[in-house]
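Undergrad: When you get a sec, could you give me coordinates for this:
(one chain, ligands or ions: 1)
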Amino acid sequence: MIAMNEAMLYERLPDSRVRCHICQWHCLINPGKLGVCRMYRNKNGTLYNLNYAQVSSVAADPIEKKPLFHFFPGTLALSLGSWGCNFHCQDCQNWEISCSETPEPYRGPHQIQPQTAVEMAKSHHCAGIAWTYNEPSIWFEYTLDSAKLAKKNNLYTVYVTNGYLTPEALDTIGPYLDAWRVDVKGFSDALYRDLTKITHWRRILEVAQRAKDKWGMHVEVVTNIIPTMSDDDPQLEGIARWIHDELGELTPWHVTRFYPNYHLQHLPPTPIATLEHAYDVGKRADLKFVYTGNVPGHKSESTICYSCGKLIIERYGYQTRVIGLEGSRCKFCGAELNIRTSGTKGGHHD
Ligand code: SF4
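TA: Residues are numbered from 1 along each chain as shown. Take a look at the predicted model:
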């Protein structure tokens, strides 16, 4: 028997229909039907979430795996994923869980209530909790309850997200979230339409800015560079310029290597030269921290001070050695590096 929790952000409409306001699909859902993500169901005019605490995957991961490179480097994050997604990306690496049908009847290996998640984080020596592997907003109520509890227990909180939440949803969880690791998959209508099937992709940018400006979250951006789809200069330059102008030159940009996957088996892995070109595009836009991802041992994995050129954090894959950090600054020359090692949101919220 699956527990159904009433959704938080929806409106009731005539004829027992409802409209969900968790993500920017704003699904209009008829009685008995599901939203696009298949994790919210309208039952007789009330909207229920179907995957509260239903965990498909759990691990104590290095925070670098999210990837977050400027946020509590070298720590572990208890990483939790559920089922389903509000995007249907052609290149999804976790399609077995994200493209799952509704979990009725319950099919997961674990049910992990928020209190248990907090206890697991502590017993596995994790400094925080990350909702990742599938889109966290589609078990919104669970991540909110867990984030509130995590803050009371001095754990940091991370969303690894496609960023398609409504401002209303962001503002609901904003007081309890420390980091927003957002994908910006490309920079054109065509890319988002072909890759993800969504149209209002610019709202992702607005919400990421709001996460930073209104809620003081630490933001890092990931772009998986897909040959022939998101590797052209106009898109790369668009993303780099947006990060620089709207999030700031100290915001990390991860350009990651695509591997043939799911519906894009016919494309080759991203050539290293293409990744290095994307890196150069970021540097030309005056971004101080561009990292190539999914290429262990590449020289751009480590953090170098843009001011004095010294090595600050050495990385190889998920191995991390912090060398030259004092607070958020370079210990050699004092330059601000936007690396958060303390100062997460307090536990004073209700
Ligand atoms: S969370 Fe799901 S049901 Fe709600 S608007 Fe997004 S896709 Fe639709």
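Undergrad: And the helices in the stretch 251-350 of the chain, which stretches?
TA: For the stretch 251-350 of the chain, applying DSSP state H, counting those that start in this stretch gives helices covering 272-284.
Undergrad: Who are the contact partners of Ser82?
TA: Neighbour list for Ser82: Met39, Asn51, Gln54, Val55, Ser56, Ile97, Gly108, Tyr133, Asn134, Ile138, Trp139, Tyr142 [criterion: C-beta atoms under 8 Å, 6 or more residues apart in numbering]. C-beta coordinates here come from the backbone N, C-alpha and C atoms, glycine included.
Undergrad: out of the residues you listed, which one sits closest to the ligand?
TA: Closest approach to the ligand among the contacts of Ser82 (C-beta to the nearest ligand atom): Ile138, at 5.1 Å.
Undergrad: helix, strand or coil for that closest one?
TA: Assigned by DSSP: H, G, I helix; E, B strand; the rest coil, the conformation of Ile138 is helix.
Undergrad: Now it. Nearest residue, chain neighbours left out?
TA: Excluding its sequence neighbours, the residue lying closest to Ile138 (C-beta to C-beta, 6 or more residues apart in numbering) is Cys37, at 4.3 Å.
Undergrad: Leu267 now?
TA: Nearest in space to Leu267, with sequence neighbours left out and distances taken as C-beta to C-beta, 6+ apart, is Pro227 at 5.3 Å.
Undergrad: Gly293 too?
TA: Take Gly293 and drop its neighbours on the chain: the residue closest to it by C-beta to C-beta, 6+ apart is Thr256, 3.4 Å away.
Undergrad: Who are the contact partners of that neighbour?
TA: Per C-beta under 8 Å, 6+ apart, neighbours of Thr256: Pro67, Val222, Thr223, Asn224, Ile225, Leu275, Thr292, Gly293, Asn294.
Undergrad: export these to CSV and tack on pLDDT and distance to the ligand?
TA: Shown next, in CSV, are the contacts of Thr256 (pLDDT from 0 to 100; distance: C-beta to the nearest ligand atom, whole Å):
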residue, pLDDT, distance to the ligand
Pro67, 97, 25
Val222, 98, 21
Thr223, 98, 23
Asn224, 97, 22
Ile225, 97, 27
Leu275, 97, 32
Thr292, 95, 32
Gly293, 93, 27
Asn294, 90, 28
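Undergrad: burial measure for the closest residue to the ligand within the stretch 1-150 of the chain, as a count.
TA: Of all residues in the stretch 1-150 of the chain, the one sitting closest to the ligand is Gly35 (2.1 Å; C-beta to the nearest ligand atom). Neighbour count for Gly35, taken as other C-beta atoms under 10 Å: 27.
Undergrad: Can you pull up the most central residue in this structure?
TA: By C-alpha atoms, centre = their mean, the chain has its centre lying nearest to Val160, at 1.8 Å.
Undergrad: buried ones in stretch 286-301?
TA: Neighbour-count burial for stretch 286-301 flags Leu287, Lys288, Phe289, Val290, Tyr291, Thr292, Gly293, Asn294, Val295, His298, Ser300, Glu301 (criterion: 16 or more other C-beta atoms under 10 Å).
Undergrad: which pair in those residues spans the largest distance?
TA: With C-beta to C-beta as the measure, no two of those lie farther apart than Lys288 and Asn294, at 21.6 Å.
Undergrad: okay but Asp189 is in contact with Thr199, surely?
TA: Yes: in this structure, Asp189 is within contact of Thr199 by C-beta atoms under 8 Å, at 7.2 Å.
Undergrad: can you confirm the residue nearest to Leu267 is in a strand?
TA: No: Pro227 is assigned coil when assessed by three-state DSSP, not a strand.
Undergrad: what about it, distance to Leu264?
TA: Counting by C-beta to C-beta, to the nearest Å, the gap from Pro227 to Leu264 is 9 Å.
Undergrad: Between those two, which has more neighbouring residues?
TA: Taking other C-beta under 10 Å, Pro227 and Leu264 do not tie; Leu264 has more neighbours (18 against 15).
Undergrad: how close does the more buried one get to Thr223?
TA: Distance from Leu264 to Thr223, by C-beta to C-beta: 15 Å.
Undergrad: thinking again about what came up before, may I see the contacts of Thr256 organised as JSON lines, with distance to Thr251 added?
TA: Shown next, in JSON lines, are the contacts of Thr256 (distance: C-beta to C-beta, whole Å):
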{"residue": "Pro67", "distance to Thr251": "13"}
{"residue": "Val222", "distance to Thr251": "12"}
{"residue": "Thr223", "distance to Thr251": "13"}
{"residue": "Asn224", "distance to Thr251": "17"}
{"residue": "Ile225", "distance to Thr251": "18"}
{"residue": "Leu275", "distance to Thr251": "19"}
{"residue": "Thr292", "distance to Thr251": "16"}
{"residue": "Gly293", "distance to Thr251": "15"}
{"residue": "Asn294", "distance to Thr251": "20"}
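Undergrad: any idea which of the residues you listed is the one closest to Leu325?
TA: Closest to Leu325 out of the contacts of Thr256 is Pro67 (17.7 Å), distances taken as C-beta to C-beta.
Undergrad: so what's the closest one up against?
TA: Contacts for Pro67 (C-beta under 8 Å, 6+ apart) come out as Arg181, Glu220, Val222, His254, Thr256, Tyr291, Gly293.
Undergrad: From those residues, pick the one nearest the ligand.
TA: Arg181 (18.9 Å).
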